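>>> Pasting a predicted model and its sequence here:
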Amino acid sequence: MNLPAPRALIAEDEPLLADALRCELARAWPALQVVATVGDGLSAVQQALAFQPDVLFFDIRMPGQNGLDAALALTRAWPTEGSAARPFPALVFVTAYDQYAVEAFEAQAMDYLLKPVQAARLQKTVQKLQQVLADRAQPALGLDLEATIAQLRHLLTVS
């Protein structure tokens, strides 16, 4: 089964760091398409709602609205019903500050990267993200398999 290329949004207020992350992601995950790069939390929410990416890379300290607040606002605004409904993006915080890690994971972050981002550490994050996206793409298969196994067990006990 061919899955569509995963899409990401980067929210980073320092252009050089945003470019560096984009370059590192291109090396670690060539199939990933960065659909937008924004420099503040309000734009991050707007662009995430517009593009509905699979992955978000949010800085914590940004002008206007920090990354934690932007993530919270996005969870509240994310479409959950109708034809526009998609799973909420996998969220990774990329920051120079380790003191926000607990808050980040409380905000359902998949991972937390410290700047400067190390290639080996980013590769681990990419592997986690790829697994999560692969699991999301095949949820029905897993449920159908479990249901089929349950039916077979029932038939074997009835016979």
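Great, that's in hand.

>>> For the rest of this, base every contact and every neighbour count on C-alpha atoms.
Fine.

>>> Quick check, Leu72 in contact with Phe105.
No - the criterion here is Cα atoms under 8 Å, and Leu72 misses it with Phe105 at 11.9 Å.

>>> what comes up buried for the host helix or strand of Gln123?
For Gln123, the element it lies in under DSSP states H and E is helix 119-137. Neighbour-count burial for helix 119-137, counted by 16 or more other Cα atoms under 10 Å, picks out Leu122, Gln123, Thr125, Val126, Leu129, Gln130, Leu133.

>>> for stretch 87-94, same thing?
Under 16+ other Cα under 10 Å, the buried positions of stretch 87-94 are Phe88, Pro89, Ala90, Leu91, Val92, Phe93, Val94.

>>> if we can go back for a sec, export the buried residues of helix 119-137 as TSV, with columns for distance to Gln33 and pLDDT.
Shown next, in TSV, are these (distance: Cα to Cα, whole Å; pLDDT from 0 to 100):
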residue	distance to Gln33	pLDDT
Leu122	16	98
Gln123	16	97
Thr125	16	98
Val126	13	98
Leu129	14	97
Gln130	13	97
Leu133	14	95
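
>>> Tell me the one of those nearest Leu49?
Leu133 (18.4 Å; Cα to Cα).
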